[in-house]
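# Return atomic coordinates for the entry below.
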Amino acid sequence: GSITMTAAKSVTATFALKQFALTITATNGTVTKSPDAAQYDSGTVVSLTAAPATGYQFTGWSGGLTGTTNPGSITMTAAKSVTATFALKQFVLTITATNGTVTKSPDAAQYDSGTVVSLTPTPATGYQFTGWSGGLTGTANPGSITMTAAKSVTATFTINHYTVTFNSQGGSAVTSQTVNYGLLATAPSPAPTKPCNTFVAWYLGTSPFSFSTPITSDITLLANWTPSVYTPTAAVTPSAPICAGNNATFSATMFNGNAPYSYQWFQTVSGSSSPVGTNSISLSIPTTAEIGGATANYSITCYCTITDNCGKQATSSPANVTVYYQPDPPIVEFAADIDGILLHCSVMQQNASTYFCCYYRYNKNNTGWTTPWSNTGGGNTCDGLQTYMGNAQAQSDRIQFQAYTVNTLTNCQSATTTENWQP
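Okay, here's the model as predicted:
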């Protein structure tokens, strides 16, 4: 300034601190100034605190302030501009997958906060995707996850299970098997059975199946059969020798055949009988008297043709049952005296080598038979004395005797002879 001196004068010069503006630029976040003022005196130290918006992070200062210190400080020696830089947060997505892979889209080492990542699981051969765990759950394929923090996701893959079905094609039932991918089925043991057939092998389609083949899908195996080759035989077992008037029995058996069986019996004496349908027959043999008497033993012969379930037949050799003749019934004679009744039995000798006995019992006045039968002895004739005590009234009782003879070589018994006696 200038002054004109017209008198003594005093002049004062006033000096003030310079003030400067501090300009802050911040996107996706804010910056707080301390102290907060529109203008700052020269030399003022201002503290700047950066606060990122949600999902962002502070990455540094530029302009009048550099570095990443937060809060940062700036000395106002002039007008200054400071920019606070904020960047989206980034997170790592960790994927775990065994027996398969997972494809990320987009594929990156880190993801900005809020990024939606699509996850597509791909199972290894023989496996299937069964679900997510960790930061993602459920079974959606593909799945998606929003990155709001570092996350870990596990994809679970399980091995495929396949069914091996056994079709026995008319044979006995065979249980199916569940086999993991790449493992082996087990040959059923024992093998199935089928009447009239022999099991050959299990077939897959038209070819034999090897049980050393790994299973990679559901399969049905078919039983392969061939008609059985065998030769059955038959045999007939006769009963022990019998006395005439009893039944002769025969039993048939097939060996190396397939049950059930049907039976056709033949009797060599009377010709073919009707099919019996059982493995045994019983033939009624007439008494010796019914065939006019006999003095020699004879045989009944039978054989059997057996048919098995497969239609194969076998015929047995003839089998014999010996039939013993019956001795003649005894001739009974008796006499009486005061002491009792003398019983005399005689038999017409039929064979010099046989031996006869006479047995008897009596029924006095119909009061009941004496038991057991009494043996009078052996030989062609035999006598026995049946005594009883009684008065004149008792002696007038009616007494009935019954007697029969037994061939002691064959134990065959004759018909019974009945005689009555009365004083």
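
# Got phi/psi on residue 279?
When read as degrees, to the nearest 10, the backbone of residue 279 gives phi -90, psi 10.

# Now for it: which residues touch it?
Neighbouring residues of residue 279 by CB atoms under 8 Å, 6 or more residues apart in numbering: 251, 252, 253, 261, 263. (C-beta placed from N, C-alpha, C; glycine too.)

# And for residue 85?
Per CB under 8 Å, 6+ apart, neighbours of residue 85: 58, 59, 60, 61, 62.

# buried subset of those residues?
Listed as buried from the contacts of residue 85 are 58, 59, 60, 61; burial here means 16 or more other CB atoms under 10 Å.

# Strands - which of those land there?
Among the buried ones among the contacts of residue 85, the members falling in strands (DSSP state E) are 58, 59, 60, 61.

# ok, the buried ones among the contacts of residue 85 vs residue 195, which is closest?
Checking the buried ones among the contacts of residue 85 against residue 195 by CB to CB gives residue 59 as the nearest, at 87.4 Å.

# and the closest one, how far is that from residue 148?
Here residue 59 is placed at a distance of 19 Å from residue 148 (CB to CB, to the nearest Å).

# Could you do residue 419 as well?
As for residue 419, its distance to residue 148 is 128 Å (criterion: CB to CB).

# go on, residue 227?
For residue 227, the distance to residue 148 equals 75 Å [CB to CB].

# quick one: low-confidence parts of the stretch 201-350 of the chain?
Within the stretch 201-350 of the chain, the segments meeting pLDDT under 70 span 269-277, 292-295, 332-350.

# Could you look up the SS state of the residue lying closest to residue 287 once chain neighbours are set aside?
Excluding its sequence neighbours, the residue lying closest to residue 287 (CB to CB, 6 or more residues apart in numbering) is residue 245, at 3.9 Å. Secondary structure, DSSP: H, G, I helix; E, B strand; the rest coil: residue 245 is coil.

# quick one: contacts for residue 245?
Taking CB under 8 Å, 6+ apart as the test, what residue 245 contacts is 285, 286, 287, 288, 290, 326.

# ditto for residue 46
Per CB under 8 Å, 6+ apart, neighbours of residue 46: 22, 33, 34, 35, 40, 73, 74, 75, 76.

# beta partners for it?
With DSSP bridges as the criterion, residue 46 is bridged to residue 74.

# where does it land on pLDDT?
On pLDDT, residue 46 comes in at 97.

# Comparing residue 227 and residue 148, which residue is more hemmed in?
Taking other CB atoms under 10 Å, residue 227 and residue 148 do not tie; residue 148 has more neighbours (15 against 9).

# which residues touch that one?
55, 91, 113, 114.

# residues contacting the spatially most central residue of the chain?
Centroid-nearest residue in the chain: residue 175, 6.3 Å away (criterion: CA atoms, centre = their mean). Residue 175 makes contact with 166, 188 under the criterion CB under 8 Å, 6+ apart.

# Let's see the host helix or strand of residue 50 as PDB, backbone CA atoms only.
According to DSSP states H and E, residue 50 maps onto strand 44-52. In PDB, the C-alpha atoms belonging to strand 44-52 read as follows (Å, rounded to 0.1, in the frame of the first residue of the first chain):
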ATOM      1  CA  THR A  44      -3.400 -28.700  10.300                       C
ATOM      2  CA  VAL A  45      -3.100 -32.500  10.400                       C
ATOM      3  CA  VAL A  46      -6.300 -34.100   9.300                       C
ATOM      4  CA  SER A  47      -7.000 -37.800  10.100                       C
ATOM      5  CA  LEU A  48      -8.900 -39.600   7.400                       C
ATOM      6  CA  THR A  49     -10.800 -42.900   8.200                       C
ATOM      7  CA  ALA A  50     -12.100 -45.000   5.200                       C
ATOM      8  CA  ALA A  51     -15.300 -47.000   5.700                       C
ATOM      9  CA  PRO A  52     -16.200 -49.400   2.800                       C
END
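
# need the contact list for residue 185.
164, 177, 179, 211, 215.

# Helix, strand, or coil at the third one?
Just to be clear, that refers to residue 179. Following three-state DSSP, residue 179 is assigned to strand.

# coming back round to it: wait, which of the contacts of residue 148 is closest to residue 302?
residue 91 (99.8 Å).

# how close does the closest one sit to residue 152?
Residue 91 sits 11 Å away from residue 152, going by CB to CB.

# likewise residue 172?
Residue 172 sits 54 Å away from residue 152, going by CB to CB.

# now do residue 95
Taking CB to CB, one finds residue 95 at 8 Å from residue 152.

# In terms of neighbours, single out the busier of those two.
More neighbours surround residue 95 than the other of residue 95 and residue 152, with 19 against 13 (other CB under 10 Å).

# you'd agree that one is in a strand?
Yes: the assignment for residue 95 by three-state DSSP puts it in a strand.

# residues contacting it?
Listed by CB under 8 Å, 6+ apart, the contact set of residue 95 reads 102, 104, 119, 152, 153, 154, 155.

# Residue 411 too?
Applying CB under 8 Å, 6+ apart to residue 411 gives the contacts residue 243.

# any idea how far it lies from residue 240?
As for residue 411, its distance to residue 240 is 11 Å (criterion: CB to CB).

# Nearest spatial neighbour of residue 112, chain-adjacent residues omitted?
Residue nearest to residue 112 in three dimensions, not counting chain neighbours: residue 88, with 4.1 Å by CB to CB, 6+ apart.

# Check the burial of the one you found by counting its neighbours.
Residue 88: 17 neighbours (other CB under 10 Å).

# wait, it sits on residue 110?
No: judged on CB atoms under 8 Å, residue 88 makes no contact with residue 110 at a distance of 10.3 Å.

# Output the helix or strand where residue 23 lies in PDB with nothing but the alpha carbons.
Counting by DSSP H and E, the element that carries residue 23 is strand 19-26. Below are the C-alpha coordinates for strand 19-26, written out as PDB (Å, rounded to 0.1, in the frame of the first residue of the first chain):
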ATOM      1  CA  GLN A  19      -6.400 -21.900   4.900                       C
ATOM      2  CA  PHE A  20      -6.700 -24.700   2.400                       C
ATOM      3  CA  ALA A  21      -9.600 -26.900   1.200                       C
ATOM      4  CA  LEU A  22      -9.300 -30.700   1.500                       C
ATOM      5  CA  THR A  23     -11.300 -32.500  -1.200                       C
ATOM      6  CA  ILE A  24     -12.200 -36.100  -0.600                       C
ATOM      7  CA  THR A  25     -13.400 -38.500  -3.300                       C
ATOM      8  CA  ALA A  26     -14.800 -41.900  -2.200                       C
END
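
# Name the strands paired with the next helix or strand after that strand and say parallel or antiparallel.
Towards the C-terminus, the helix or strand next in line after strand 19-26, according to DSSP H and E, is strand 29-34. Sheet pairing of strand 29-34 (DSSP bridges) gives strand 44-52 (antiparallel).
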